[in-house]
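J.: Sequence and predicted model, in that order:
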Amino acid sequence: MFQTSLSTLLRKRRRPESTPAHPQQGKKFGEVIVYLVERRMGKSRRNFLTSLARSKGFCVDNTLSAEVTHIVAEGNPAHELWPWLQEQDVPHLDNTNVLDITWFTESMRAGRPVPVEEQHRIQKPSLQLKTCLPDTSLPTVSQYACQRRTTLDNRNKVLTDALEVLAENYEFNDSKGSCLGFRRAVSVLKSLTTALSCLQDAVDLPCLGEESKMVIEEILECGSSSRVDNILADERYQTLKLFTSVFGVGPKTAEKWYRIGLRSLEQIHSNSSIHFNRMQAAGFLYYEDISKPVTIAEAKAVGCIIEETASCYSSNVTISLTGGFCRGKEFGHDVDFILTVPEPGKEDGLLPAVIDTLRSQGILLYSDFQESTFDLNKLPSRRFEAMDHFEKCFLILKLQMGLVEGQQADPSRRRDWKAVRVDLVAPPADRYAFCLLGWTGSTQFERDLRRFARLERGMLLDNHALYDKTTNTFLQAKTEEDIFAHLGLDYIEPWQRNA
């Protein structure tokens with residue numbers, strides 16, 4: 001229903017952004033008149049760059065007029081920038097230099113306008129290189145994952161697997177920007193309904209940096225990437241990947257262990273100088289089980305246990321399976337559930353009661369309970385936090401394999417149960433929609449949804465609330481569909497959020 005109504009909404013036409021007038025200081029290069037596009041760049045950075053350019057004798061116009069010779073944009077994909085420019089009714093636009101910020105920075109460094117070269121230009125999409133097969137050219141792809149429908153049918157798995165190795169390697173090197181860049185590239189490729197056959201197929205795609213394109217080109221031409229192969233063969237990468245597979249061990253701890261010469265889990269166990277926290281101790285104790293994927297059948301069996309346990313606290317408890325299984329995955333590394341009750345405040349104490357019941361049943365192997373710190377008076381938060389403030393707990397449960405539907409007996413197993421990681425969260429009923437949206441994922445989908453809300457709608461979104469900065473109001477939502485409607489987005493089903 002929402003899809004039909006939202007598709008008819010038209011965004012208001014925006015006029016060119018302007019910066020406060022500054023006196024043009026000592027114009028040296030009168031033949032070059034620059035206009036800086038504020039979209040994506042931001043007002044404060046635009047003001048700074050304007051002042052910098054004028055101090056070096058460049059003429060920078062605050063309005064997009066016929067006199068402008070060089071339009072400079074930063075972070076604007078061609079498929080978004082050119083339609084916006086055409087809306088401004090600028091005379092002779094096709095004869096104007098539409099340039100990436102690299103031309104501007106090179107000119108600032110040189111102290112004069114550098115010659116415009118092909119790599120500086122932001123080409124009009126229709127003028128860019130044709131794809132190898134023009135009849136099957138890819139449709140326009142949004143830079144935001146929340147505007148793309150991404151199923152589990154990944155047509156470019158060879159490419160995304162390679163780029164994910166690079167992203168993970170940058171994460172191990174604590175290079176967050178590069179890691180995020182590759183993850184965005186992976187997300188875009190996963191959304192495509194056709195496989196790339198050559199690099200030219202990717203010309204109009206957003207979020208593909210030069211590094212990503214080089215890897216893609218090499219794989220398409222040679223079948224593999226030497227850079228990726230070198231990483232996979234690197235001892236440090238393999239060791240950090242092994243260490244971080246342990247529950248409770250992050251990249252920094254893994255790096256610390258690697259630096260003192262440890263290379264295997266056995267060496268960690270035998271090193272008397274290492275002291276595990278509770279989570280790491282449980283991670284090593286049950287590593288054989290929790291390092292293996294959880295099946296959808298096992299997740300459903302755990303769900304029955306949680307439902308039966310929670311019903312002892314209240315008959316009105318609603319349990320929702322979230323995470324990857326909610327998005328249609330057959331396997332996952334853990335099982336996530338949201339527990340809610342309709343009565344306000346009744347959620348307080350729900351999870352401690354569940355934990356006590358699980359313990360009394362003898363199936364609780366590990367628990368880490370975190371009390372609620374949710375306070376609406378402290379919202380909206382300008383800084384996104386990885387974890388929300390609702391009551392939650394991280395568990396390891398003993399799942400009897402006989403409870404798993406269709407489970408075949410495994411003679412190689414030493415016991416008739418499996419340790420399974422389970423995460424539970426209990427938000428207030430009026431926060432359920434926001435919590436469900438946040439916990440359903442995927443991570444990149446949620447990241448882009450928050451970015452879209454902030455940059456395109458002037459709103460702040462997290463697992464707790466949606467805040468409209470324009471009207472200074474919190475927007476209410478009972479369902480995920482309500483949140484998408486507030487953002488002016490077509491509703492995307494969970495199975496289409498595998499970004």
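T.: The structure has been received and is ready for your questions. Numbering: from 1, shown residues only.

J.: Over stretch 282-300, what's the mean pLDDT, rounded is fine.
T.: Across stretch 282-300, pLDDT averages out at 97.

J.: Give me the contacts around that stretch.
T.: With CB atoms under 8 Å, 6 or more residues apart in numbering as the test, stretch 282-300 has contacts from 245-249, 265, 268-269, 276, 321, 325, 329-335, 365-366, 396, 399, 404-407, 418-421. Any C-beta I mention is one placed from the backbone N, CA and C, and that applies to glycine too.

J.: Filter those down to the buried ones.
T.: Listed as buried from these are 246-249, 265, 268, 276, 321, 325, 329, 332, 334-335, 365-366, 396, 399, 404, 407, 418-421; burial here means 16 or more other CB atoms under 10 Å.

J.: mind listing which of those are in strands?
T.: Of the buried ones among the contacts of stretch 282-300, the ones assigned to strands by DSSP state E are 321, 332, 335, 365, 366, 396, 399, 418, 419, 420, 421.

J.: Switch these over to JSON lines; also include distance to residue 53 and pLDDT.
T.: Formatted as JSON lines, those follow (distance: CB to CB, whole Å; pLDDT from 0 to 100):
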{"residue": "321", "distance to residue 53": "54", "pLDDT": "97"}
{"residue": "332", "distance to residue 53": "51", "pLDDT": "97"}
{"residue": "335", "distance to residue 53": "55", "pLDDT": "98"}
{"residue": "365", "distance to residue 53": "62", "pLDDT": "98"}
{"residue": "366", "distance to residue 53": "58", "pLDDT": "98"}
{"residue": "396", "distance to residue 53": "58", "pLDDT": "98"}
{"residue": "399", "distance to residue 53": "64", "pLDDT": "97"}
{"residue": "418", "distance to residue 53": "63", "pLDDT": "96"}
{"residue": "419", "distance to residue 53": "61", "pLDDT": "98"}
{"residue": "420", "distance to residue 53": "59", "pLDDT": "98"}
{"residue": "421", "distance to residue 53": "54", "pLDDT": "98"}
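
J.: Nearest to residue 476 among these?
T.: Nearest to residue 476 among these: residue 321, at 24.7 Å, using CB to CB.

J.: separation between that closest one and residue 286?
T.: From residue 321 over to residue 286 the distance is 22 Å, taken as CB to CB, to the nearest Å.

J.: Also residue 477?
T.: To residue 286, residue 477 is 38 Å away according to CB to CB.

J.: re earlier: for the ones in strands among the buried ones among the contacts of stretch 282-300, which one is nearest residue 27?
T.: Checking those against residue 27 by CB to CB gives residue 332 as the nearest, at 61.5 Å.

J.: mind listing what's buried in stretch 57-68?
T.: Buried residues in stretch 57-68, counted by 16+ other CB under 10 Å: 57, 58, 59, 60, 61, 62, 64, 68.

J.: Residue 81 contacts residue 74, correct?
T.: No. Here residue 81 lies out of contact with residue 74, judged by CB atoms under 8 Å, at a distance of 10.3 Å.

J.: Between these two, which contacts overlap?
T.: With CB under 8 Å, 6+ apart applied, the overlap between the contact sets of residue 81 and residue 74 consists of residue 37.

J.: of the buried residues of stretch 57-68, closest to residue 51?
T.: Closest approach between the buried residues of stretch 57-68 and residue 51, by CB to CB: residue 60, at 8.8 Å.

J.: any idea how far residue 27 is from the closest one?
T.: Residue 60 sits 10 Å away from residue 27, going by CB to CB.

J.: Spit out the contact partners of the residue nearest the centre of the chain.
T.: Geometric centre of the chain, nearest residue: residue 444, 1.9 Å, by CA atoms, centre = their mean. Neighbour list for residue 444: 145, 183, 184, 186, 187, 499 [criterion: CB under 8 Å, 6+ apart].

J.: For the stretch 1-150 of the chain, give me the ranges with low pLDDT.
T.: Applying pLDDT under 70 to the stretch 1-150 of the chain flags the ranges 1-26, 44, 126-139.
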